[in-house]
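> got a predicted structure here, sequence first:
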Amino acid sequence: MSKAKSNPITDTWAELYNLESHKIPVKQRVKVGRPARPIKRTRVTVELTDEELMTLVQIQNALKINLSKAGALTTVSRGQVTGLGLRLLKTYLLTATPTPGEVRLPEHITDWKGLADLLKKV
């Protein structure tokens with residue numbers, strides 16, 4: 001396994017996802033009922049094609065299998081998979097623009113095909 005460079009921003013949200021994926025041991029529960037989520041999440045509705053939904057489920061299942069083999073993570077949600085994809089796209093777009101911290105497409109990208117072609121180079 002290769003060691004990735006430590007990045008404070010990536011490390012922070014990765015740790016939060018790890019925290020969210022752990023089940024709370026029964027002995028630590030104080031309240032009766034469903035425990036509060038360790039990270040506040042907002043419910044949104046997303047319309048996906050059958051292919052996009054199948055891709056989301058396949059990635060979620062692959063992550064569940066691989067991450068649970070390590071014995072540390074017990075759950076992987078669709079929200080986490082979607083959040084990871086969004087963070088990766090944002091990171092790429094931040095590095096593709098000349099202005100630090102600004103998320104925008106390079107000037108030559110004018111349609112979805114252009115964006116897809118750009119991302120294939122990654």
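Nice, thanks for sending it over. Numbers count the residues shown, from 1 in each chain.
> and the residue nearest the centre of the chain, which of the three is it?
A centroid search over the chain (CA atoms, centre = their mean) returns Leu84, at 1.5 Å, as the residue closest to the centre. Per DSSP: H, G, I helix; E, B strand; the rest coil, the local secondary structure of Leu84 is helix.
> can you check Ile109 too?
From three-state DSSP, the assignment for Ile109 is coil.
> correct me, but it touches Lys121?
No - here Ile109 does not reach Lys121: they are 11.9 Å apart, not a contact under CB atoms under 8 Å. All C-beta spots, glycine's among them, are computed from the backbone N, C-alpha and C.
> more crowded one of the two?
Using other CB atoms under 10 Å as the criterion, Ile109 and Lys121 rank with Ile109 on top: 17 against 5.
> distance-wise, check the closest residue to that one other than its chain neighbours relative to Gln80.
Once flanking residues are discounted, Ile109 sits nearest to Leu115: 5.4 Å by CB to CB, 6 or more residues apart in numbering. Distance, Leu115 to Gln80, by CB to CB, to the nearest Å: 23 Å.
> between those two, who's got more neighbours?
Using other CB under 10 Å, the more surrounded residue of Leu115 and Gln80 is Gln80, with 20 against 15.
> strands of the chain, start to end?
With strands called from DSSP state E, the chain shows none.
> that one: helices as residue ranges?
Listed in chain order, the helices of the chain (DSSP state H) span 8-21, 50-69, 78-96, 112-120.
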